[in-house]
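# based on what follows, work out the 3D shape:
(chains A, B and C)
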Amino acid sequence: MASLNVLIAVCLSYVAVLFTVAFMAERVAMRGQAHWLRSPLVYTLSLSIYCTAWTFYGAVGYAARSGLEYLTIYIGPSLVMIGWLWLVRKMVRIGRSQRITSIADLISSRYGKSNALGVCVTLLAVIGTTPYIALQLQSVVESFSIFAAEPGFRPRPEENVSTALWVAAGLAFFTVLFGTRNLDVNERHHGVVMAIAVEAVVKLIALLAVGIFVVWGVGGGLAATMERIDASSLGYWHTDGSRWGGLIFLSAAAFLCLPRMFQVLVVENDMEAHLRTASWAFPAYLMLMSLFVVPIAVVGLDLMPAGSNPDLFVLTVPLSQGRDGLAMLSFLGGFSSATSMVIVASIALSTMVSNHIVMPIWLRLTGDGASISGDVRHVVMLARRVSIVGVVLLGYVYYRISGGGTALAAIGLISFSGVAQFLPVLVGGILWRGATRIGAFAGLGVGAVMWFWCLFLPSFGADVILSAGVLAEGPFGVSWLRPHGLFGLDGVDPLVHGVFWSMLFNAGAFFVVSIFTFPSPMERLQGAQFVNVFNHSRAPQGWQGGRAQAEDLMIMAQRILGPSDAQALFHDEARRQGLAGYLPDPTADFLQRLERELAGSVGAATAHAMVGQIVGGTGVSVQELMAVADESAQMMEYSSQLEAKSEELTRTARQLREVNEKLTQISVQKDAFLSQISHELRTPMTSVRAFSEILRDTDGLTPEERGRYASIIHDEAIRLTRLLDDLLDLSVLENGQVSLNFRRGTLEEALSHAVSAGRQGDRLAIRRDRGDELVEIETDMDRLSQVFINLIANAQKYCDAEAPVLRIVVRRRDGTVSVDFIDNGSGVEQDMQGLIFEKFSRVGHHKAGGAGLGLAICREIMARLGGTITYLPGQGGAAFRVTLPDRSAMAAQ
Amino acid sequence: MPDAPGPLFYERRTYRRRRLADLSRLLPVAGLILMLVPLFWGDSSGSTVPMSLAILYIFGLWFALVIAGALLSLNRPEELIDPQAPRSPLPGEERR
Amino acid sequence: MSKTVLVIEDEPNIIEAIGFILSRDGWRVAVHSNGVDAVETVRRRAPDLVILDVMLPGRSGYDILRDLRAESGTADLPILLLTARGQSRDREMAEASGASRFMTKPFSNAEVLEAVRDLAGG
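As a prediction, this is how the structure comes out:
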């Protein structure tokens, strides 16, 4: 028998392989070469987390006890994938177009972005999933103990407990590491999905290997095994009809509603087209997984001593035949099943918990926090990590409390029936526009209560939570309220009984209450979008805002999406609206788009609340009410055309106004140009003349005075020369007569040169990341340095912070290199932001030395170098962005 | 077929496509009904179907469904890529 | 004698030059170098003459001049306005705001001295 040490070594190296796979997949995905990660095969394999340790070990035990009934668990999902693909496809489409992060998010979003509904779904999902996680921990512990069991030796309970703790901690670590790498859930967890796909292959191979060994190695071939089956205690079909039908329905419902299935099926889906392959490949996978279950069960019953646990036949049968290697493989299969389920389930639940419970609370606690307090991404990330640890811990605690007994094994179906309560609300919301939020509350509430009473509470056994008396005679002797005989329906299997009543009342309450309540405008909008997701991909508007809020929105978006993504989004939108810079009009369209992007990170309800805090008035506008009231497609079309036209007119008007304003300002400046030049020349000249006259006319000057005055004349002469140089430089650049000296170099070089030349004294602290700066560029290095020197000198002159700090941030994206210079002063006022690149414009009336030509020269230089320089609003200080074309795709590292 | 004003006969390819669409509508219904056949097997008097036969029946049906699903999915490649495909063979599409 | 001249100007070199010339001629020279509280400073120091630059940080010399002329205490104070913009429009504005005399930079030292003596009757 393989020693426990070997087992632990194998197990750890397997885990190491999984880490490597996940890590490599992340790396590949980051380099943008992820196309092979997005194959339909990987998608199909990731769906196999449906098969948990409950399948791997439990199915054999289930078959040994109840014959073919275990098949229902796999037939249900197979029928869904083959026949109800259109429903799955609709869920996936909605998930993608609305940037849905979880099943709670889908339901909350569909019913008017109601967070209360999201909280309900989250709570129910956590309650339903926790026992299931405990089950996985138990299976790992028991399979360990099989190997640990020397003849005549039972492992002490403390050892089991510590094994469970180690497994739980390892899983939490893995999940936090790969499950919360990026905030946007829609950016998909390539590492996790890849690791799961590998585990899916391992568990399939393991189960098939044990099956083949049992049929051909022990059973003596197919025909002999069949005979043996017919001769065994399982020899005849004896499955209860109601359970057969009921469980097929239940597993089909659970397949659609389980949070972890929703995660892999909808959230992690890369392409809708993958569903096509999965529609037959996933049923095939399930079929193969269940193919050898009965032979293993029958042979196990034959071979093993009476009373041995059939749940572990997959391990004990090969061990009893001396096939240690096969047993080891089988152990890895079971280990894979358990770990992949816990990982995905905890990712799915943590997203729900953080988006629907933690974030709203945090948002409320910080008041209008979205616009002032710090980086929200940290909060979300932390919330998600803590939730993952919390979910796994909860499973562990449940395992400890329940004692890992046989009661746990029965919990699988209870758990299924719990999440199946989402089905009416989910399917109803997707297919029926009349479904309302109140109706959803009613259905979920009634369903959950009945599930608790009929299935969950009795599952702990008599006298644990419900007394035997209540179970037998009903509460307070009211017999029609007995958990297993509701309304006098006796003699039915308790599970089928509970599922029947809870689903009936759930769907009934949902339907009837929906019929008699009236949905809010937001619900109607969302309802129309969900039900008709294939018709219009464009959403009706939800927001109207003023220009002044654009900067606030940007600040918020940066905190959630990260600066570069947020800036790209705003810049792109501004360009689409035909505006320069980074601040688009907060049109209804844009707000909708922004909200959806945010929803990808924090969920629809929270995103809605955050945008609402800034834009104000979470209500729905009159136009939308009209659009909802008048549902004829033509009217919608017509009004949206009109709206688009009027929007376009407004935008053109604003463009014209902007150009006009700029022209007026430029003409004023042009007018002032001569007088400015005059002023800039005359001021140094005054000193020169005055002191030269003093030197000439005054007798008895001391040598010190003489030297001092001469040096003033000298300095002023230099100032004059510099001014003339600048003017000349600018005019050459403007006329395009400049000759550029292109050569290769690194940004680091240019920046280092600029820092040493541009910084005087050390009042200004400069923060750089030299690693990022190792970007090879081909440009006129001297001219580029000139720009950098100017920006550094400006920060030195104008940054009004107590301890001025200048951050230099280098980023590469989409074929350009951007260098941001961000200081911590009070920045440039919005009405000046468009002007600072004009000649002789200075922020305020400042005589800090320059003539106001520096930024104008910078702009001209960057234009010649094929790049840009822009002012970057919303960075908490003055911020300039220099972009260069990324000529060489290779970094110098 | 509801689209009455269309041409009287479709060319062979289109015709074949439509019959495949019919099949894909029928498949889940047939699959479900056939999967529920075991409900008739057990009766309280004790005479039931041997396990080996039950296994053969269920897995055979399952296998057939997988093959049918695979064939169907290979035959409508445009279906999932273009959601606005003029003629959708999926029953859910009709419920707009 | 020893009358006080208040120089309101922000270029340190020009301040030094004017200061040198006037103090050699026996004037007491006070200096103020921003526009914001210039009126307040004039009121407090009560100089015999003010030399006022037009381009000051914070506030234009014209505005300061108008304020001084509006106050009874300084309505007749001799004020020499300096400007670096030599256009005729500037001269008109200087006269309209009530400058006693107007001088364009760069000036000769003798001119300044003469103007100061003229205005303050030194």
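
# what comes into contact with the helix or strand of chain C with the lowest mean pLDDT?
Ranked by mean pLDDT, DSSP states H and E, the weakest helix or strand in chain C is helix C:88-97, scoring a mean of 79. Contacting residues not belonging to helix C:88-97 are listed as A:S675, C:V54, C:Y62, C:L65, C:R66, C:R69, C:L81, C:T83, C:F102 [Cβ atoms under 8 Å, 6 or more residues apart in numbering or on different chains]. Every C-beta, even on glycine, is put in place using the N, C-alpha and C of the backbone.

# just stretch A:687-700 next, same as before
For stretch A:687-700, the surrounding residues in contact (Cβ under 8 Å, 6+ apart) are A:701, A:706, A:709-710, A:712-713, A:716-717, A:720, C:11, C:13-14, C:17-18, C:20-21, C:24, C:106-110.

# chain C: helices as residue ranges?
C:12-24, C:38-45, C:61-70, C:88-97, C:109-120 (DSSP state H).

# which of these sits closest to A:S514?
Checking the helices of chain C against A:S514 by Cβ to Cβ gives helix C:61-70 as the closest, at 70.1 Å.

# which strands or helices does that closest one pack on?
Counting by 3 or more Cβ pairs under 8 Å, 6 or more residues apart in numbering or on different chains; DSSP states H and E, the packing neighbours recorded for helix C:61-70 are helix C:38-45, strand C:49-53, strand C:79-83, helix C:88-97.

# quick one, phi/psi of A:R881?
Main-chain dihedrals, A:R881, degrees, to the nearest 10: phi -120, psi 120.

# what is the burial count for it?
Neighbour count of A:R881, defined by other Cβ atoms under 10 Å in any protein chain shown: 21.

# A:A148 too?
18.

# before we move on, back to that, out of the helices of chain C, name the one with the poorest average pLDDT.
If you rank the helices of chain C by mean pLDDT, helix C:88-97 sits at the bottom with a mean of 79.

# may I have stretch A:242-258 as PDB, with CA atoms only?
Only the C-alpha atoms of stretch A:242-258 are listed here, as PDB (Å, rounded to 0.1, in the frame of the first residue of the first chain):
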ATOM      1  CA  SER A 242     -41.500  10.300  -9.200                       C
ATOM      2  CA  ARG A 243     -37.900  10.600  -8.200                       C
ATOM      3  CA  TRP A 244     -36.800   9.800 -11.700                       C
ATOM      4  CA  GLY A 245     -38.800  12.600 -13.200                       C
ATOM      5  CA  GLY A 246     -38.400  15.000 -10.300                       C
ATOM      6  CA  LEU A 247     -34.600  14.700 -10.100                       C
ATOM      7  CA  ILE A 248     -34.200  15.200 -13.900                       C
ATOM      8  CA  PHE A 249     -36.100  18.400 -13.500                       C
ATOM      9  CA  LEU A 250     -34.200  19.400 -10.400                       C
ATOM     10  CA  SER A 251     -30.800  18.800 -11.900                       C
ATOM     11  CA  ALA A 252     -31.800  20.700 -15.000                       C
ATOM     12  CA  ALA A 253     -32.900  23.600 -12.900                       C
ATOM     13  CA  ALA A 254     -29.800  23.500 -10.800                       C
ATOM     14  CA  PHE A 255     -27.600  23.400 -13.800                       C
ATOM     15  CA  LEU A 256     -29.000  26.800 -14.800                       C
ATOM     16  CA  CYS A 257     -29.100  28.300 -11.400                       C
ATOM     17  CA  LEU A 258     -26.000  27.100  -9.500                       C
END
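
# may I have the beta-bridge partners of the closest residue to C:D118 other than its chain neighbours?
Nearest non-adjacent residue to C:D118, counting by Cβ to Cβ, 6 or more residues apart in numbering or on different chains: C:R101, 7.6 Å away. Assessed by DSSP bridges, C:R101 has beta-bridge partners C:L80.

# quick one: C:R101 from C:L65, how far?
For C:R101, the distance to C:L65 (Cβ to Cβ, to the nearest Å) stands at 12 Å.

# the two: who's more crowded?
C:L65 (25 against 16).

# for the more buried one, give me its contacts.
C:L65 neighbours (Cβ under 8 Å, 6+ apart): C:L52, C:I79, C:L81, C:A94, C:S97, C:G98, C:A99.

# ok, now how distant is it from C:K3?
Distance of C:L65 to C:K3, given as Cβ to Cβ: 20 Å.

# same thing with A:V446?
With distances taken as Cβ to Cβ, A:V446 is found 98 Å from C:K3.

# sorry, back to before: find residues that contact each of C:R101 and C:L65.
Jointly contacting C:R101 and C:L65 under the rule Cβ under 8 Å, 6+ apart are C:I79, C:L81.

# who's in contact with stretch A:252-259?
Where contact means Cβ under 8 Å, 6+ apart, the residues beyond stretch A:252-259 that reach it are A:50, A:76-77, A:79-80, A:84, A:87-88, A:91, A:102-104, A:125, A:129, A:261-262, A:345, A:348-349, A:352, A:416-417, A:419-423, A:426-427, A:503.

# host element of A:G825?
For A:G825, there is no helix or strand it lies in under DSSP states H and E.

# contacting residues around it?
Residues near A:G825 by Cβ under 8 Å, 6+ apart: A:A795, A:Y798, A:C799, A:D800, A:A801, A:P804, A:G877, A:A878.

# what ranges does the stretch 601-750 of chain A have for its helices?
For the stretch 601-750 of chain A, the helices defined by DSSP state H, counting those that start in this stretch cover A:604-615, A:622-629, A:633-697, A:703-735, A:747-758.

# what's near enough to touch A:A574?
Contacts for A:A574 (Cβ under 8 Å, 6+ apart) come out as A:A580, A:G581, A:Y582, A:L583, A:P584.

# which residue would be the closest one in the stretch 51-200 of chain A to chain B?
Per Cβ to the nearest Cβ, A:G83 is where the stretch 51-200 of chain A lies closest to chain B, at 2.0 Å.

# do you know the pLDDT at that residue?
A:G83 is given a pLDDT of 77.
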